[in-house]
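Undergrad: let me see the structure of the following:
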Amino acid sequence: MAEFFDSKIIDSLNVALSRPTEAGAKRQYVQDVLNGHGDLIKTNLLEKGGHFFVCGATKMGKDVEALVKELVGDVEFKKLQTEKRYKVELWTS
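TA: Numbering: from 1, shown residues only. Next up, the predicted model:
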């Protein structure tokens, strides 16, 4: 995994734990963490040609989709889908 960080493909990592195991740990959801990085997401998707991958439970995926649509707008979101830069793999639990 170090080769990804060295080549700047991935330069940061944010973790959301909806079921933390440590006593007193706060629940965090993916969409909450992403919301804190809205400007970065917009810049990477709209200005730098970035790709967005969503993998996980259907509910989470729908919440993330709503957030991304809110950040970039409906027209740009459809463009991301058309260009296959917004990719989704969701399942029910």
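Undergrad: show me where the protein has helices.
TA: 2-6, 30-35, 38-42, 58-72, 74-82 (DSSP state H).
Undergrad: can I get those in a markdown table including mean neighbour count?
TA: C-beta: built from backbone N, CA, C; applies to glycine. Below are the helices of the chain laid out as a markdown table (neighbours: other C-beta atoms under 10 Å):
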| stretch | mean neighbour count |
| --- | --- |
| helix 2-6 | 9 |
| helix 30-35 | 16 |
| helix 38-42 | 14 |
| helix 58-72 | 17 |
| helix 74-82 | 13 |
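Undergrad: of all these, which one is nearest N14?
TA: Nearest to N14 among the helices of the chain is helix 30-35; the distance by C-beta to C-beta comes to 5.0 Å.
Undergrad: tell me the mean pLDDT for that closest one?
TA: Here helix 30-35 scores 91 as its mean pLDDT.
Undergrad: what does it contact?
TA: With contacts defined as C-beta atoms under 8 Å, 6 or more residues apart in numbering, helix 30-35 is touched by 14-16, 18, 41, 56, 60, 63-64, 66-68.
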